[in-house]
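Visitor: let's see this in three dimensions:
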Amino acid sequence: MDLSGEWLSRYTYHDGVSSEHLVTFELQDVVWSGHGVDGAGSILVLRLEHDAENGVLTGTWREQTSPDGEYGGTVFHGAVQFILAATLDAADGKWVGFNSSRERVNAGDWSLHRRDNAP
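Guide: Reported below is the predicted structural model:
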């Protein structure tokens, strides 16, 4: 299984707002490490392990929001799990993480699509 290369990452958060990053993955030991920056300067890091028996990716995410954006450079982080398509060109899943006031845990949809197969 090879996730290396550029992927379009799209996730939704409060009230259906979505965020997109172009993420480049590379294999580091047994973990797929992905790094991407969106047009506003938000930095996203994903660390995913592949469970070949079940066709899933499980890991963590961390995002430092744009210093000029709504969240003023705040760092958010949490967990993520994806079901990997048999074609290895897409993955759909969910994220979980704390909200900006640190009063509750939120969750939302997240998808990954290889750059040349992005919708």
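
Visitor: who are the packing partners of the one helix or strand residue 25 maps to?
Guide: Assigned by DSSP states H and E, residue 25 belongs to strand 17-28. Contact partners of strand 17-28 among helices and strands, from 3 or more CB pairs under 8 Å, 6 or more residues apart in numbering; DSSP states H and E: strand 5-13, strand 31-37, strand 43-51. Quick note: C-beta positions are derived from backbone N, CA and C, even for glycine.

Visitor: how about TSV for the ones you listed, with distance to residue 104 and mean pLDDT added?
Guide: Below are the helices and strands packed on strand 17-28 laid out as TSV (distance: least, CB to CB, whole Å; pLDDT from 0 to 100):
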stretch	distance to residue 104	mean pLDDT
strand 5-13	13	94
strand 31-37	26	92
strand 43-51	22	95
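
Visitor: quick one: which helix or strand includes the residue lying farthest from the centre of the chain?
Guide: Most distant residue from the mean C-alpha position of the chain: residue 103, 22.3 Å away (CA atoms, centre = their mean). If you go by DSSP H and E, residue 103 is not part of any helix or strand.

Visitor: tell me the pLDDT at it?
Guide: On pLDDT, residue 103 comes in at 91.

Visitor: tell me the phi and psi of it?
Guide: Taking degrees, to the nearest 10, you get phi -100, psi -20 for the backbone angles of residue 103.

Visitor: what does the one 10 residues further on give?
Guide: Backbone torsions for residue 113, taken as degrees, to the nearest 10, come to phi -140, psi 130.

Visitor: correct me, but residue 115 touches residue 6?
Guide: Yes: Residue 115 is in contact with residue 6 according to CB atoms under 8 Å; the separation is 4.1 Å.

Visitor: which residues are in contact with each of those two?
Guide: Common contact partners of residue 115 and residue 6 (CB atoms under 8 Å, 6 or more residues apart in numbering): residue 22.

Visitor: give me the element residue 91 is part of.
Guide: strand 90-98.
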